[in-house]
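Trainee: what's the 3D shape of this:
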Amino acid sequence: MVIYKLQSEQLTKKIDIDFAKELNPEQLAVVEHGDGPCLVLAGAGSGKTRTLIYRVLYLLQQGVPASSIMLVTFTNKAAKEMLERISVALGADAKGLWGGTFHHIGNRMLRMYGERIGIASNFTILDEEDSLTLLKNCIQQTNPPADKYFPKPRVIKSVISLSSNLCRDLKETIEDRFDQLNRQHLYYIEKAALLYGERKKLTNALDFDDLLVKWNELLETDTHLRAALGRKFQYILVDEYQDTNYLQSRVINNLAQPQNNILVVGDDSQSIYGFRGADVNNILDFPKIYKDAMMFKLDINYRSTPEILALANLSINKNVKKFDKKLSAVKPSGAKPAVLSATDNYEQAEFVAQRILDLQRDDKIALSEMAVLFRSHFQSLELEMELNKRNIPYQMRGGLRFFEQAHLKDVTAYLKILANIKDEVSWLRLLSMQPGIGEATADKIWQWISQFGSLSDVILNEAERNEGSRGKTWDPSQAQDDVRLSSKAASGWQALKRTLTQLAGADLTDLSSLVKIVIDSGYKKYLQANFENYQERLEDLEQLISFVATYEDLEKFLTDTALSENFRGRDGDRSVEEVGEQIVLSTIHQAKGLEWKAVFILGLADGLFPHSRTYDKPQEMEEERRLFYVAVTRAKEQLYLSYPLFSRDNVLQPSPFIKELPYALYERWDLESGESIDAEEVIYVDEDEEYEKSQPPKKKKLLNFNADIGDLPF
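Mentor: Coordinates of the predicted model:
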């Protein structure tokens, strides 16, 4: 017998890194002393990625085999960046290192050991489209009620997914997170979920959630394997731990035994994904789970000025459930954040657009170094129109522009038909939304519609047209099929005609009423059945009602929205791709992890940010404040916080996140006069006493800015 000895996994190239030179003292402490259970509280802009990378390099330098190290991240991009930087530092690939997302590592584990729980190693991973197709078939097998508002497969998939990641049953998940769903549908959802699981097992297929569910099942049912893996992985490092859900935390805690060399990095102040199932308590309770855990703090911020950090620190300290920490700046002092109130969303948009051009011209800040952030997508509507008007190129990060979204296109399709009976695209869109009407039937109905020259001809039934009674009010009870349709398709067609009849009889100059008719005619229920985030989409439509109230001409509105959809920004004859600069518009959730020189935060009005739904839910209110904290800490040099004073029907108050700030932390800007007022020279009531006590004495005097202080909404 010939024995061929494999080379050791030890790196053949000696690692020679001066860690003390490369890292600050806080980071160095983590890298050199991160044995045992460790919690690293990494504040915004504190270099957490760098610290994690150097911790891995340090372990390799100490002779720890790469195959004994697991580095878990949340995104493929983050995993790729870390592994590439480790390879560059080594001058070679870190062969054997277990690095990647939870799902990536779960897949690898199940390929190796899944047969222990009945999963063949050649299992198929279902992508989102495939899993939806399979689930749709399972739903059909349950014979769900003939209810046109029965939730669509994508919504049911979201329920099942969240239930899996929260490790809760479907009924509890629906009651807590999907209260818009009809409780009478629960039986069919549960039955479909059971069939879905059976079909996956039968076909040896797993969806993305199964990669974690089955990985955890493997660890919890096979104690010998769990112990063996616990011995194999001498060091486990987890990035963005504040974003883990209950299932992910169970996987990590099961895997960490018995070594307990688990180092988690995160920032409880940046836990903002509760709606996806992330649980801030995972990071807050880490010291309770691991009684002997060491805690490190990375609170030296390399991103923002002291003025921006002072505002961020004070704001987040208002939260109750948190770790105590305070970011300190490396950058020199800069401008104070600016706080301003605008008359309405239009004036707010005018300010932002004008200030963008000023910063580009006067401060030489590139458009790509500026961002406008908002809590909800609808808050970008007026700004998008203003940027289009001024020909300022922009990109909507992580999503569609306002009028490109499906629910906005749905509603405007009704209005387009009012303006143009021959609009085939809009007809096909609306027809395909009706229950019982597929693509072929929609085209059949359109071919019939295309013979008419007015909407009234379409919505009158055949008898009325033959009698020439076009002025007669249509009676739905007397309606007849205009084309040969199945009973289901005929029902859907008649429902659409009822809505169009209401629209045709309304005042076409009152666009708000037209939108309300569409929403109230059943579209709200359509949203509930088709979108898991229906509440956000409904808010978009409520904002649309306010927006269209400024128009009396339907065609003018449709022209403006069409231009908004098709706008891509120009610089002379050059395209945006050639110019290479666009200002970023983004929800705050999409902006996490990014940074810009100048940041505008819109819509800081009470009830909008924080959202009114959170006022009776302390945990959600704290997440709203963390969301504000994340937004503020995206800014490197300049920060602008704004809110409208009036909406269409209401007088608005500034956000509590503004009102609770000491006035010495920011400048108050007056849009009307164009003057800025140094808040240090203004004395107000309700100043933060603790903050004031820490400040040196200063001369104060009362000022007003074109209004008595009592007239302002503070």
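Trainee: so where do the helices sit in the stretch 51-200 of the chain?
Mentor: Assigned helices in the stretch 51-200 of the chain, in chain order: 76-90, 102-113, 128-141, 153-166, 170-177, 186-202 (criterion: DSSP state H, counting those that start in this stretch).
Trainee: And the third one, how far out from the chain middle?
Mentor: The reference is to helix 128-141. 25 Å (C-alpha atoms, centre = their mean, to the nearest Å).
Trainee: The first one too?
Mentor: Between the centre of helix 76-90 and the centre of its chain there are 25 Å (C-alpha atoms, centre = their mean).
Trainee: which other helices and strands contact it?
Mentor: helix 48-61, strand 69-73, strand 98-101 (3 or more C-beta pairs under 8 Å, 6 or more residues apart in numbering; DSSP states H and E). Yep, even glycine has a C-beta here, placed from its N, CA and C like the rest.
Trainee: quick one on the thing from earlier: out of the helices of the stretch 51-200 of the chain, which is closest to residue 21?
Mentor: Closest to residue 21 of these is helix 76-90 (C-beta to C-beta; 13.3 Å).
Trainee: Using PDB, write out every CA atom in that closest one.
Mentor: Provided in PDB are the C-alpha atoms of helix 76-90 (Å, rounded to 0.1, in the frame of the first residue of the first chain):
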ATOM      1  CA  ASN A  76     -22.700  38.200  -1.100                       C
ATOM      2  CA  LYS A  77     -21.100  41.500  -1.800                       C
ATOM      3  CA  ALA A  78     -19.800  41.800   1.800                       C
ATOM      4  CA  ALA A  79     -18.500  38.300   1.700                       C
ATOM      5  CA  LYS A  80     -16.700  38.800  -1.600                       C
ATOM      6  CA  GLU A  81     -15.200  42.100  -0.400                       C
ATOM      7  CA  MET A  82     -13.900  40.500   2.900                       C
ATOM      8  CA  LEU A  83     -12.400  37.400   1.200                       C
ATOM      9  CA  GLU A  84     -10.800  39.400  -1.500                       C
ATOM     10  CA  ARG A  85      -9.200  41.800   1.000                       C
ATOM     11  CA  ILE A  86      -7.900  38.800   3.100                       C
ATOM     12  CA  SER A  87      -6.500  37.300  -0.100                       C
ATOM     13  CA  VAL A  88      -4.700  40.500  -1.000                       C
ATOM     14  CA  ALA A  89      -3.200  40.800   2.500                       C
ATOM     15  CA  LEU A  90      -2.000  37.200   2.300                       C
END
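Trainee: looking only at pLDDT, what's the mean for it?
Mentor: Average pLDDT, helix 76-90: 87.
Trainee: coming back round to it: which among the helices and strands packed on helix 76-90 is found nearest to residue 253?
Mentor: Set against residue 253 and scored by C-beta to C-beta, the helices and strands packed on helix 76-90 come closest in strand 69-73, at 12.5 Å.
Trainee: buried stuff in that closest one?
Mentor: 69-73 (16 or more other C-beta atoms under 10 Å).
Trainee: Nearest to residue 460, out of those: which one, please.
Mentor: Scanning the buried residues of strand 69-73 for proximity to residue 460, where the rule is C-beta to C-beta, the winner is residue 73, at 61.3 Å.
Trainee: Of the helices and strands packed on helix 76-90, flag the one that's most buried.
Mentor: strand 69-73 (a mean of 24; mean count of other C-beta atoms under 10 Å).
Trainee: Just give me the neighbour total for the nearest residue to residue 37 once chain neighbours are set aside.
Mentor: Distances taken as C-beta to C-beta, 6 or more residues apart in numbering place residue 290 nearest to residue 37, at 3.6 Å, with adjacent residues excluded. By the criterion of other C-beta atoms under 10 Å, residue 290 has 18 neighbours.
Trainee: Burial-wise, tell me which of the helices of the stretch 51-200 of the chain comes out on top.
Mentor: Note that of these, helix 153-166 is the most buried (mean count of other C-beta under 10 Å), with a mean of 21.
Trainee: For that one, name the packing helices and strands.
Mentor: Counting by 3+ C-beta pairs under 8 Å, 6+ apart, helix 153-166 packs on helix 128-141, helix 170-177, helix 186-202, helix 208-221, helix 246-256, helix 524-530.
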